[in-house]
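Asks: Predicted model and sequence below, questions to follow.
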Amino acid sequence: MHTSNLVVNQIPPKVPPGPPSQYARMIPGVSALPTPRTAAAAAAPPIESMPACQWPGTANPADILPQILLPRPTTDLRVFSQIVGDLFVLGIVGLAQAFLLPRWSFHLHSLALFAALVTLFAFSEGVYRTTPDPFPADTFPGLTRSVLLASFLVFLADGDGVRLRAIPATLAIGLCSLLAFRQLKQITWARQRHDSELRRVLLVGAGSIGRAIAAALQNDPSYCATVCGFVDDRAALSPEVLGRVEDLPWLARGEFIDEIILACPGDAEIARRAADIAFSNHLDIRAVPTLPPGPWPDAGVDRIGDVPVVTLHREHVPTAALLLKRALDLVVASLALLLAAPAMALIALLIRLDSPGSVLYSAERIGAKGRRFRCYKFRSMTTNADHLKEELRSRNQRQGPIFKIASDPRITRIGRFLRRYSLDELPQLWNVLRGEMSLVGPRPHPIDDVNRYELHHYRRLDVKPGITGLWQITARDCPSFDLNMHLDLTYIENWSLRLDLRILLGTFRVLFAPEGV
């Protein structure tokens, strides 16, 4: 990508700043006057909760015993991970018990049999389900019976040299370890649900099937999903039913949707229209298939709760490359903070001597998916800079929502030097360590600037903001917001680790040959 050859002279005519965009209400925490659509939605009564979707079917009594004793083939990775986790825990605990308490444990060659029997009996007891049970109400009885029965059978099969007291000891140690493992998973899931970036899901169809999927996603933290609402052409608008299928384009951007689930198997036309819109907006798409009556336990589909779903489209996510990007952020930010610590201390002293006020400046910025965070910088302006911004907005020399003027009277003497070499942004390395920013990405904009975004501008919020980016090394002084947006979207759509490294190297060149404030 040869971005240095971009033509930056074709600048559109300056557009005077206007009132906040109608899409400002989409940013979390921003209040705005309700539009006719949202006003109607707020006035409409919420749809009454509908019973969970049930798939009819009957079982042959002759098949009950084999289904209880033998585990059926399953493609559910969640069930598989539960079984593997229990096998791992039983193996580690069994080895520790055999070496530390040899008189109170089974032989080493029996540990694999014991672990396999426990998981087999636990499967028959219904311990392994697509939706994990709360600890310890439902899992405790089943696990107790499974560990006790497995211990007794292993004792009978390999009783030579094994004392009877190995059964209660193994029962207590094995059961406690399995329950502790489940409690740890629940704590981890709860923390992940609170701290991680949850996938935002929109359901097409507010009927019983859609409600069942929404309940399953909300009640099971392992899905790591947030249900933003429903889209339905027939249901009344409400705080839950956000709009119609035709509203999907702005809902997808305004609500930062990652995936839609087509929960209207009886309406092929609505599903097709919604799928076309979702595909054009680069969203993951799953659908509830139209199946003949029956439980279909062996069907090769995923399940959300009790509802089968098939994946129609999944956006490619370079997971390994993103992990490497995060590792690069952590390593470089840590080393940079360590090496720059003396210089940062000197800068803090100069700021304190130059003008009254705090050394650091922090303000809320809009990050990935519209999330707010506190962005840190060395203070380079007077303490009342935010209040003066609106008074100076008429002198804005940037095109579009961004605000910037030459010879800004709010900038201090030391601040002008810091901004010339971008030294005021060194504290943002802390934001990188916290995971709120990356080394490379679109610059985070203030909330009042984001409030003036148009709908297509929201695409730059699909990724974490960065300390430096493509715009900073190619068109830093160009006042065109359209060019800024073009460069940001070019970076997002063509991202690679190689591109990040090129931008980082280009940033050093710009710092030593600065282009102004």
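Replies: Okay, I see it. Numbers count the residues shown, from 1 in each chain.

Asks: how close does the residue nearest to Leu108 when sequence neighbours are not counted get to Arg459?
Replies: Spatial nearest neighbour of Leu108, excluding adjacent residues (C-beta to C-beta, 6 or more residues apart in numbering): Ala98 at 5.4 Å. In this view, the C-beta of every residue, glycine as well, is placed from N, C-alpha and C. Here the criterion is C-beta to C-beta, to the nearest Å. By it, Ala98 lies 58 Å from Arg459.

Asks: What of Val307?
Replies: Taking C-beta to C-beta, one finds Val307 at 31 Å from Arg459.

Asks: Same drill for the two, tell me which one is more crowded.
Replies: Neighbours per residue (other C-beta atoms under 10 Å) separate Val307 from Arg459, with Val307 holding more: 24 against 18.

Asks: my read: that one touches Ile213, true?
Replies: Yes - taking contacts as C-beta atoms under 8 Å, Val307 lies within contact range of Ile213: 5.3 Å.

Asks: who touches both of those two?
Replies: By C-beta atoms under 8 Å, 6 or more residues apart in numbering, Val307 and Ile213 have these common neighbours: 263, 288.

Asks: contacts for the helix or strand containing Arg272?
Replies: Using DSSP states H and E, Arg272 sits within helix 268-280. Here helix 268-280 makes contact (C-beta under 8 Å, 6+ apart) with 204-205, 231, 233, 245, 248-249, 252, 260, 262, 264-265, 285, 287, 312-313.

Asks: Glu105 reaches Ala98, doesn't it?
Replies: I think there's a mix-up here, since residue 105 is Ser and not Glu. Yes - using C-beta under 8 Å, Ser105 is in contact with Ala98, at 4.7 Å.

Asks: So if I had to pick from the two, which one is more boxed in?
Replies: Taking neighbours as other C-beta under 10 Å, Ser105 and Ala98 compare with Ser105 leading, 25 against 16.

Asks: phi, psi of that one?
Replies: phi -140, psi 170 (degrees, to the nearest 10).

Asks: Kindly provide the distance from it to Leu117.
Replies: For Ser105, the distance to Leu117 - C-beta to C-beta - is 15 Å.

Asks: downstream neighbour of the longest helix seen in the chain in the secondary structure list?
Replies: For the chain, the helix with the greatest residue count under DSSP state H is helix 319-354. Moving toward the C-terminus from helix 319-354, the next helix or strand (DSSP H and E) is strand 360-366.

Asks: what helices or strands is whatever helix or strand comes next after that next one leaning on?
Replies: Next helix or strand after strand 360-366 toward the C-terminus (DSSP H and E): strand 372-378. In terms of contacts (3 or more C-beta pairs under 8 Å, 6 or more residues apart in numbering; DSSP states H and E), strand 372-378 is packed against helix 319-354, strand 360-366, helix 428-433.

Asks: I'd like the mean pLDDT over the first one, please.
Replies: For helix 319-354, the per-residue pLDDT values average out at 91.

Asks: now the helices for the stretch 51-200 of the chain?
Replies: Along the stretch 51-200 of the chain, counting by DSSP state H, counting those that start in this stretch, helices occupy 64-69, 77-100, 111-124, 139-157, 166-195.

Asks: How is the protein divided into domains?
Replies: 23-48+197-313, 70-192, 319-512 (automatic domain parsing).

Asks: Quick check: which ranges of the stretch 251-400 of the chain have low pLDDT?
Replies: Filtered on pLDDT under 70, the stretch 251-400 of the chain yields the residue ranges 291-300, 386, 390-391, 393-400.

Asks: related to what we said a few turns ago, what subset of the contacts of helix 268-280 is buried?
Replies: Neighbour-count burial (16 or more other C-beta atoms under 10 Å) applied to the contacts of helix 268-280 gives 204-205, 231, 233, 245, 248, 252, 260, 262, 264-265, 285, 287, 312.

Asks: Farthest pair within those residues?
Replies: Ala252 and Pro265 (21.7 Å; C-beta to C-beta).

Asks: Looking at Glu436 now. What's its pLDDT?
Replies: Glu436 is given a pLDDT of 91.

Asks: which residues touch it?
Replies: Here Glu436 is in contact with 367, 373, 375, 464 (C-beta under 8 Å, 6+ apart).

Asks: what's the most distant pair in those residues?
Replies: Cys375 and Lys464 (12.0 Å).

Asks: list residues touching both of these two?
Replies: 436-437.

Asks: Just give me the neighbour total for the nearest residue to Arg434 once chain neighbours are set aside.
Replies: Nearest residue to Arg434 in three dimensions, chain neighbours excluded: Phe373, at 8.0 Å (C-beta to C-beta, 6+ apart). For Phe373, the neighbour count with other C-beta under 10 Å is 19.

Asks: I figured Phe373 was touching Ser362, is that so?
Replies: No - under the criterion of C-beta under 8 Å, Phe373 makes no contact with Ser362, lying 9.9 Å away.

Asks: still on that earlier bit, return the distance of the helix holding Arg272 from the chain's centre.
Replies: 24 Å (C-alpha atoms, centre = their mean, to the nearest Å).

Asks: do the same with stretch 327-339
Replies: 23 Å.

Asks: Okay, buried residues for it please.
Replies: Buried, per 16+ other C-beta under 10 Å, within stretch 327-339: 328-329, 333, 337.

Asks: ok so, going back, contacts only, for the residue nearest to Arg434.
Replies: 364-365, 367, 431, 434, 436-437, 444.

Asks: 7 Å instead?
Replies: 365, 367, 436 (C-beta atoms under 7 Å, 6 or more residues apart in numbering).

Asks: Then Val241?
Replies: Residues in contact with Val241 (C-beta under 7 Å, 6+ apart) are 47, 206, 229-230, 232, 235.

Asks: Just the pLDDT for it.
Replies: Value for Val241, per-residue pLDDT: 92.

Asks: now Tyr23
Replies: Model confidence at Tyr23 (pLDDT) stands at 45.

Asks: Please identify which of the contacts of Phe373 is nearest to Asp449.
Replies: Arg365 (9.6 Å).

Asks: beta partners for that closest one?
Replies: Per DSSP bridges, the residues bridged to Arg365 are Phe373, Pro446.

Asks: How much space separates it from Arg182?
Replies: Arg365 is 39 Å from Arg182, by C-beta to C-beta.

Asks: could I get stretch 269-286 in CSV with only the CA atoms?
Replies: What follows is stretch 269-286, C-alpha atoms only, in CSV (Å, rounded to 0.1, in the frame of the first residue of the first chain):
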residue,chain,number,x,y,z
GLU,A,269,-38.6,-13.3,2.5
ILE,A,270,-37.8,-11.4,5.7
ALA,A,271,-34.8,-13.7,6.4
ARG,A,272,-33.4,-13.2,2.9
ARG,A,273,-33.7,-9.4,3.1
ALA,A,274,-32.1,-9.3,6.5
ALA,A,275,-29.3,-11.7,5.4
ASP,A,276,-28.5,-9.5,2.4
ILE,A,277,-28.2,-6.4,4.6
ALA,A,278,-26.1,-8.2,7.2
PHE,A,279,-23.8,-9.6,4.6
SER,A,280,-23.2,-6.2,3.0
ASN,A,281,-22.4,-4.8,6.5
HIS,A,282,-19.8,-7.5,7.2
LEU,A,283,-21.8,-9.1,10.0
ASP,A,284,-21.8,-12.8,11.1
ILE,A,285,-25.1,-14.5,10.2
ARG,A,286,-26.7,-17.5,11.8
